[in-house]
Each structure stands twice: as structure tokens, then as C-alpha cells.
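Colleague: sharing a model prediction with you, sequence too.
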Amino acid sequence: MEQPKEKLKLGVYWAASCGGCDISMLEIGEKILTVDSLADIVLWPCIADFKYKDVRAYPDKYIDVMFFNGAIRNSEAEEIAHLLRAKSKILIAYGSCSYEGGIPALANFYSKQEIFDRAYHESQSTVNADRIEPKTKHTENGYELYLPEFWETVRMLSDIVDVDYFIPGCPPAEKTTWSAIEALVSGNLPPTGSIIGAGNKSVCDECPRERKETKIKRFKRPHEYVAPDPDQCLLEQGIICLGPATRSGCEARCIDSGMPCRGCYGPCADVYDQGAKMISAIGSVLESEDGEEIQRVIDEIMDPAGLFYRFSMSHSYLLRRRLVGAKEEMK
Amino acid sequence: MEETNEKLVKLTIDGIETEARKGETILQVAERLHIDIPTLCHYRFVKPYGACRICSVEVTIRGKSRFVPACSYQVRDGIEVQTRSEEVIQHRKMLLELMMARHSQVEVVRKLAHEYGVDTTRFEEMPSEGCILCGLCVRVCSEVVGANALTFVKRGTDRYVSTPFEGKADTCIACGACAYVCPTNYIKVEDIRDRKYVFSELSLGPTTPIHIPFAAAIPGIPVIDSHACIHMQTGECGICSKVCEPDAINYEMQDTFEEVDVGSIILATGYKTFDPARAEQYGYGRFDNVITSLEFEHLSHASGPTGGAFVKADGSEPKSVAILHCIGSRDKNYNEYCSRVCCMYSLKIAHLIREKVPDADIYELYIDMRCPGSGYEEFYNRLLEEGVHFIRGKGVEVSQMPTLATTTPAASNSKLYVKCEDTLLGMPRELPVDMVILSVGLEPAEDAEEVARIFKINAKGDGFFMERHPKLAPVDTLSDGIFIAGCAQGPKDIPDSVAQGAAAAAAAVSLIDAGEVALEPITSVVDEDVCTGCKTCLVVCPYGAITRDEEKGVAVINDALCKACGCCVAACPSGAISQRGFDDTQIEAELAALLMS
């Protein structure tokens, strides 16, 4: 790879994230050494100690490329998103959570209070006789302690700040990460707002399985398909695979292992709401035309919201479950 | 010419000088000269056997004469053959007298013996059961059929024909060749199961594997049923090709599939008749004299199995016949619709029976007489005048024993009893009749569902193909360029079928004549950069307008067939298909505008 005139300044940040994205950056293997020779790391909380005050001290647009992973869950993430936007030339939403809400955004099916009740009171492993819940401010021995405020709704990075590029995946596959880095280093970039590192088509394009023209009679849950036909389309076998509605680029790695696609690369190029598209597609290929039978088949789909919107709640027409009586914080 | 001459031999038969090819038998040469030599164990398609010796002739060669069997003796140069000399006649007489000792009851032997003036025998009589041990059956089964299902058992006077080890012959293919060649009709083929089949839809009498499908078949040439043809099953036989002088028999011919590019298609795939075995109460399949209307047609036809004689299963003439309407039609248990044609053909059947058996009692058991159409009502009136009994009430059951206490059992125990409710008399009745004809209704053809799927047209609830509009577009379907005609669309009689067929042809011609078609402006369009060819849209398109370009691996929409219904747009999981003028951003903008206000 061609050496840029000046070493790039690279940052990686995590918001509401599991840490998998940080690890996935290392999945590129020995190529990380190439990255090291091309760029200086100026922020990466996962692997080195950086303080927010250090970042604040950087001049604006100091960071060349900022990989931001994780969704916006609380006031801290939101604040840092604004900060990093100001300090970065190119801000990238890296991974499903920052691109489209990801797993954390499934919390949007609940209210903040329901989440607190579950996490701090109801869960089987919790003993909390004093009913203590996180507060934004606490005074202890005359000292004031602050915690970020927990938002009602999880949002994706682009809801908060302008994002230059998106890299999908939970986490992004090695090939996706590397081709995005190559594009960034070479400067051969598409218009801002584009997806980089992934394909334009759906996962079916990379899937080796064969799709016939059959319709679906019934759906199977994971424990019901011990050994699906290795050559036939999983969806045709009644196993709900989000591959047809999911952007390509992962090289169908889940399907290759016999597991259906869960849709982590988000919708294809021309689609906004991935879950709605998949529901619409599945509804179109049910074999039965009898109302009762159709209802029975549909009832076989457990947790449809979680299944079809596993990664894309923030990038959907749904956004969240309607809050009754709660203050409207959505913009 | 030299070569050919070498192979010819000169001989004299009964004083006639003739030439013959080397290897020919005396019998073959005699046949050519129309000289009659009696035979019993000879059949042209099996090798000569010389068992009966009745064909013995006197051959004189170089002054010496002796008796030889004409069927197996190959001609030689310079022989003189006497087929009717005094010695020969004496010789045959002796043979016949010996035969009469065992087979005096066999007609063919007795007749032949009588021709030779032999009516009694001087030998001890040991009557056989009818087999003259000519061995034709054994040889045909082995040489022609190749099944080897028959064999001789024991020797001398104990000899008889049986199956190998006298068990059930697994190799028998039930071809009936043994019975066919048997000169004494001792061997008979009996169907031990049920009925004998002519065609798949009819069940009257056997036929040969090579046959003309039916009397008025077009083209009127024979076909070979490959499942029944001995040659195609065992590789033997081949007799039809041996006897066919123009050498037109071709066993190698295979079914071929041909693709034809066309602009429009007319589906006239017809119907099938209701299978009355589904309605057990009518006894079809249980009682020999319960037949369907189509079987009656076959039976009464001049080229049918009885030459047009209307007879019962035992060959006797029926004196009373009941014709039961609406079998499988207008019945919630089977088909709710009226089959439209049965009333009229039932009247025709009654008329034909009246012609063939003028004094027969004919009953028509009907729900309503439906006789709309040119001359139909008049025909009904004619039948009333012909003395046919019309009973308004559906026949509900056919039995061999009377079931109503009021019924007087008939003297003959071969009667069938048809139960019905006579709605005009207001009482249940039971008619003792000789024969029952079931006027079976019309049903969608066996493969209607598959045909509908292939051509992407819809079927109605009853299974017949659906027209685009029942009144205004009766030959069109929802797929442009595909038209329907005849009973494929629903039961109808011949005039209606012909009219609809002509209408469908005109509709197809109007498309061809115009040469161009008007397209919907808002058809769906595929973004080939996004489409992965996952085939979801192929399943949902109700018009068959989408195909998959296997080379590019993308869906292709045929603008001429697309009706802009949008099913594929909704179904496309990757969002590659959008509808012109209705893409997602446009709809989102519409919604946003609506919701904002």
C-alpha cells in the first residue's frame, strides 16, 4: 500500500458497544502492522489510556479518520460523539450499533424504567433491598459524583452527528474492515454518507446455497433443524434467514457454518427498513392461502420484532415502542 | 443374376414346376401356389416343429419316395412333391384316426377328420381334455414372447402343457399369445381381477398393444403401447414389423419434446369425467351391469366390442334400463355445479336404446331437465313421445336386493334395484332394471392444477380455469396472451365449446394482427446492481412476467406481461425491484406530507 506523505492520525472510540468491534479491527491480522506504519493512533480507549481532556485539547479536525463503534445510549456517548465530530476530518460509524442501533437498540422495545426495573430489581441474580438505581448526581462525604444520563431511546450515530461513512457488521468482517481501510488510505472514497467496505447486493449474492422456486410451508426454530440440507437455501427449508434482505460483504460466513443470516450488515442499497422488507418478502412466499393456516404458520415465528429488527431498530420506521405518558425526547 | 440363380432350386409340386429359394419349406412353396396343405401345429412366426404330421406329403427324390412333414422339410433341387396322392390321403387318414382316438371332442380335429371321411376310430379311445399337444403355446411363449412361462410336462401318453414346476408363472406377462395360437381354443385368458381394459377411461374388453386408439382417431394410424408391447418389454416378438409390408413399424421411436416460440397460447385442455367409484352407493365396479355414460357410448358404437349390439355383461339383451342423471354433479358431496351436458346426452342414450331395443323400459331419473339450446327442448319432447319414463327424483342407490318393503322382488335374480324418491308422486320408489347407466358429470382435467401453475393462470374454486371476466372477457385470462376455451374453463357442450374456441382463436389473431401491444406505464423495474436473483419475485408474480437471467444472475421483468400490481416490489427483500413512479422515497415523501399535516 502506498505510503501517504504524512502519517494519518487514527482514532477508535466505543460508545454503547460490546467491544467486539475493537477486537474485529485486529481481525485483519498482520495487516495491523501496515496500519501502524501508515497511521498514528491518537485515541483508542480499548487498548491504551486516553483521557477526554486530551481529546478536547486536540485542535479541530486534528484526527484524520475516526472509527466510532457502539450506539448512543446515554449523555456521555452523545457528548463524545459531538466532540469527536468536531475533532475528526472523517467520522466513520463502525459496526452495526453505530450504523443502525445494533443489539443495544433492541432496548427500544422497552422504556427506560422497565430496563431499570429489570436490571436493578427483577433479575434473578440481583439483591437490591434498598432499591438503589443509577442517578446522574450523588454526594458522598462532601464529594459530588456524576454519572451520564441514561436516555429513554437508543440511537445510532447518524442521529446525533453527521457521519461521513458507514461500515456495517456485528462485527464487520475482516474483509470489510480491510477494504474500508484501503479505501481510506488511498483516498479513493465514494460520496459521503456511503457504506464502505461492503457490497451493494444482498447476502444471497455470496451464498453458495441453491434457491429453487418453492414456497414456504412452515417455519422451524433453531432447535428443530439439526441438519439442514447443506445445498438448499435455508429460507426454503423454513429456517428464517435474513440473507435476502441483508447487504453483502460478509461472505455469508454464518450461512457457511449452517446458521441463518441474522442481518447484521443492515439493509441493501435501496432499502431503509430492513425488517419491514424481510417481513414483506416472507409474507409473499408463504404457500398457504388459507387464513387460519397462515396464522398458524406465522405463529411459528417466535419474537418477530427481535428477529427482523435484531440490529436495525434505530435504522427503521419503528424506531422504538411507543412511550405512553413519557416525555418525548425524540428529535 | 448368376448368384441369385445359384440359390434357387427347381422342384415340382403336384405336377406344377416351380422355383424356390434355398431354405424354404414345402409348405411355404405350396402356400405361394395356393395349394392347400392341412396343418395343426404350424404357425408362421414360430419355427417348424413337425408334431402333428398332418401336413405330411410324399417327396420323390431320385426315384425313391417317402413321407415328410411339409412344414419342416426344406426344398431340394429336383424333388417331386405330391400333396394329394392316394398314399398321402391314406397316410393322413391314419393320422387322423389316431388323433380321433384321443381328441374326438376337439372340433378342429373332428372337422378335419370329417373332411377326410374319418368319423370313427378303430383305436382304443383315451379322450383328452382338449389339448392336442401341438406345442404351439409352448413355442410361442418361448420363441415369440420370450417369457418361457409354458412348458411340456412328462412324456408319452402322460404328456401335458403346464407352467414350469406347475407353479404360478412369474414370467407370464398375460399377453394372451398362447390362447391366440391355440388351434383348439383349449387355452383361455381370464382376467381374475376385475374388469378388462380397453383405454384407461373405458373398461370393456381387451385390445392389442399395437392398435388404432379409437375408431375416428386422427391421424388414423396405429400406436404401440410401450408398457404392453412384448418387443419393448422382452425384446422378442416383433411380429407386427414382420407382417408390415411398407416396413412402417419403428420400435426405436421415442417421445420427443419440442419447444415452440409463440406469441399467444390457447389452453383447451378439456376435462375428465367424474369417477363413479367415488360414489359407492351406485355400485359401479361392483355390479357388472352398472356402466357409465361413456362406456355406453363405446358399447353401443358400431366399432365397439359388440359391434354395436347393446347387451348386458352376460351377452343378453337388457329389457329395462335406468339412466341416472347428475352423478357427481349438483351434489354437495362431490361437485356442486351443474355439468350442463348430461341431461342432453342422457336423452340421446335413451333414444339410442329405444332404437336398439324397441320394447325396453327406459327410465330417466332426473332432478331437473335442463334442455336450453337449439332444438334441445324439441328433442326432449320427442323422447317423451317415444315412451321413455321420466321420473323426477335423483337415483340414490343401486342394489342387488330390494330394500323397500313395498318393492315386489322380480322373478329373475339378476335384476338391479334403483332407489329414488319420485317427487311428483311424492313417494319413494325402487325400480327393478337389467342395466343402470350413470350419467357422470364433468370435472377439471387431471393435470388442470399443474397446467394453471405452468401458465400462471388462476383456477376457480371448482378447479376449472378462470376467465378474466365472466361476462365481458370470457376467453381471456389474467395473463396477457393466454386464452382459454372449452371445458377447461367449465363444463359446456359441443356448440358452446366450438363458439368459445372460435372466440379464443379470434382473440389470439387480433393480437398477432396488431403486431404490437400497449404496455402499462408503471411497470416494475429491476436494479441489476442490487438484485441477486434470489427468485423470491418469481414465486409471487401472478402473471409469470419475471424470469431469471441465469448468466447475469438477476431477475428480468417482461414489460409486456407486467401488470404493475407491485407484488414483486413488496416481496423483493433486497429492494432491487421498484415500481416506476412509486419508489420508496416517493412513498416516504407522500407519507411524510400526509403525517405532517
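Modeller: Yep, that arrived. Remember, predicted model here, so these are calculated numbers, not experimental data.

Colleague: alpha carbons only for contacts and neighbour counts from here, please
Modeller: Fine.

Colleague: point out where the chain drops to low pLDDT.
Modeller: By default, I'm working from chain A. A:1-4, A:325-331 (pLDDT under 70).

Colleague: let me rephrase: I mean chain B.
Modeller: B:1-6, B:190-207, B:215.

Colleague: for it, list the residues in contact with chain A, please.
Modeller: Residues of chain B lying close to chain A by C-alpha under 8 Å from any C-alpha of the partner chain are B:529-536, B:538-540, B:567, B:570-576, B:584.

Colleague: pop the domain breakdown of the chain in here.
Modeller: All of this is about chain A. A:8-104+A:157-195, A:110-148, A:203-308 (automatic domain parsing).

Colleague: wrong chain, I was asking about chain B
Modeller: B:2-115, B:136-181, B:273-443, B:445-514, B:524-596.

Colleague: a markdown table please, covering these and showing mean neighbour count.
Modeller: As requested, these are arranged in a markdown table below (neighbours: other C-alpha atoms under 10 Å in any protein chain shown):
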| stretch | mean neighbour count |
| --- | --- |
| domain B:2-115 | 18 |
| domain B:136-181 | 17 |
| domain B:273-443 | 18 |
| domain B:445-514 | 18 |
| domain B:524-596 | 19 |
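
Colleague: and the residue of the stretch 51-200 of chain A found nearest chain B, which of the three is it?
Modeller: Per C-alpha to the nearest C-alpha, A:N200 is where the stretch 51-200 of chain A lies closest to chain B, at 5.7 Å. State at A:N200, reduced to three classes by DSSP: H, G, I helix; E, B strand; the rest coil: coil.

Colleague: tally of neighbours for it?
Modeller: 22 (other C-alpha atoms under 10 Å in any protein chain shown).

Colleague: which helices and strands sit right next to the longest helix along chain B?
Modeller: For chain B, the longest helix by residue count, based on DSSP state H, is helix B:494-514. Packing partners of helix B:494-514 (3 or more C-alpha pairs under 8 Å, 6 or more residues apart in numbering or on different chains; DSSP states H and E): strand B:265-267, strand B:482-484.

Colleague: buried residues in the first one, which are they?
Modeller: Using 16 or more other C-alpha atoms under 10 Å in any protein chain shown as the burial criterion, the residues of strand B:265-267 that qualify are B:I266, B:L267.

Colleague: adjacent strands (with direction) for it?
Modeller: strand B:482-484 (parallel) (DSSP bridges).

Colleague: please name the nearest non-neighbouring residue to B:T83.
Modeller: Ranked by C-alpha to C-alpha, 6 or more residues apart in numbering or on different chains and with sequence neighbours excluded, the top spatial neighbour of B:T83 is B:V57, at 4.9 Å.

Colleague: a strand runs through that neighbour, doesn't it?
Modeller: Yes - with three-state DSSP as the criterion, B:V57 is assigned to a strand.

Colleague: and it, how far from chain A?
Modeller: 76 Å (C-alpha to the nearest C-alpha, to the nearest Å).

Colleague: that residue pairs with what?
Modeller: With DSSP bridges as the rule, B:V57 is bridged to B:V68.

Colleague: list the contacts for it?
Modeller: B:F67, B:V68, B:P69, B:A70, B:V81, B:Q82, B:T83, B:R84, B:V88 (C-alpha atoms under 8 Å, 6 or more residues apart in numbering or on different chains).

Colleague: wait, which of those residues is closest to B:S241?
Modeller: B:A70 (25.9 Å; C-alpha to C-alpha).

Colleague: now do the helices in the stretch 201-331 of chain A.
Modeller: Here the stretch 201-331 of chain A has its helices, by DSSP state H, counting those that start in this stretch, at A:253-256, A:274-284, A:291-299, A:304-308.

Colleague: please identify the buried residues of the first one?
Modeller: What it means is helix A:253-256. Buried residues in helix A:253-256, counting neighbours by 16+ other C-alpha under 10 Å, are found at A:R253, A:I255.

Colleague: adding distance to B:V153, write the domains of chain A out as JSON lines.
Modeller: Output for those, formatted as JSON lines (distance: least, C-alpha to C-alpha, whole Å):
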{"stretch": "domain A:8-104+A:157-195", "distance to B:V153": "83"}
{"stretch": "domain A:110-148", "distance to B:V153": "91"}
{"stretch": "domain A:203-308", "distance to B:V153": "59"}
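
Colleague: would TSV of these with distance to chain B be doable?
Modeller: As requested, the domains of chain A are exported to TSV (distance: least, C-alpha to the nearest C-alpha, whole Å):
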stretch	distance to chain B
domain A:8-104+A:157-195	14
domain A:110-148	25
domain A:203-308	4
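
Colleague: B:K415 is nearest to which of the ones you listed?
Modeller: Closest among those, using C-alpha to C-alpha: domain A:203-308, at 48.1 Å.

Colleague: next one: that closest one to chain centre, how far?
Modeller: Distance of domain A:203-308 from its chain centroid, counting by C-alpha atoms, centre = their mean, to the nearest Å, is 19 Å.

Colleague: before we move on, what about stretch B:318-330?
Modeller: 24 Å.

Colleague: what of stretch B:476-492?
Modeller: The answer for stretch B:476-492 is 27 Å, by C-alpha atoms, centre = their mean.

Colleague: and what of stretch B:578-586?
Modeller: Counting by C-alpha atoms, centre = their mean, stretch B:578-586 comes out at 57 Å from the chain centroid.

Colleague: could you do stretch B:310-317 as well?
Modeller: With C-alpha atoms, centre = their mean, you get 21 Å for stretch B:310-317.

Colleague: then it to PDB, C-alphas only?
Modeller: Taking C-alpha atoms only, stretch B:310-317 is exported to PDB below (Å, rounded to 0.1, in the frame of the first residue of the first chain):
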ATOM      1  CA  PHE B 310     -76.500 -53.200 -26.700                       C
ATOM      2  CA  VAL B 311     -76.100 -56.200 -24.400                       C
ATOM      3  CA  LYS B 312     -75.600 -56.900 -20.700                       C
ATOM      4  CA  ALA B 313     -72.300 -58.300 -19.300                       C
ATOM      5  CA  ASP B 314     -73.600 -61.900 -19.900                       C
ATOM      6  CA  GLY B 315     -74.400 -61.100 -23.600                       C
ATOM      7  CA  SER B 316     -78.200 -61.000 -23.200                       C
ATOM      8  CA  GLU B 317     -80.300 -58.100 -24.200                       C
END
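
Colleague: kindly list the main-chain dihedrals of the residue of the stretch 51-200 of chain A closest to chain B?
Modeller: phi -100, psi -20 (degrees, to the nearest 10).

Colleague: ok, it - contacts?
Modeller: A:N200 touches A:R247, A:S248, A:C268, A:A269, B:D529, B:V530, counting by C-alpha under 8 Å, 6+ apart.

Colleague: the fourth one reaches B:V530, doesn't it?
Modeller: Yes - under the criterion of C-alpha atoms under 8 Å, A:A269 is in contact with B:V530, at a separation of 7.0 Å.

Colleague: which residues are in contact with each of those two?
Modeller: What both A:A269 and B:V530 touch, as defined by C-alpha under 8 Å, 6+ apart, is the set A:N200, A:K201, B:S574, B:G575.

Colleague: quick one: residues contacting the second one.
Modeller: For A:K201, the set of contacting residues under the criterion of C-alpha under 8 Å, 6+ apart consists of A:R247, A:S248, A:C268, A:A269, B:D529, B:V530, B:C531, B:T532, B:S574.
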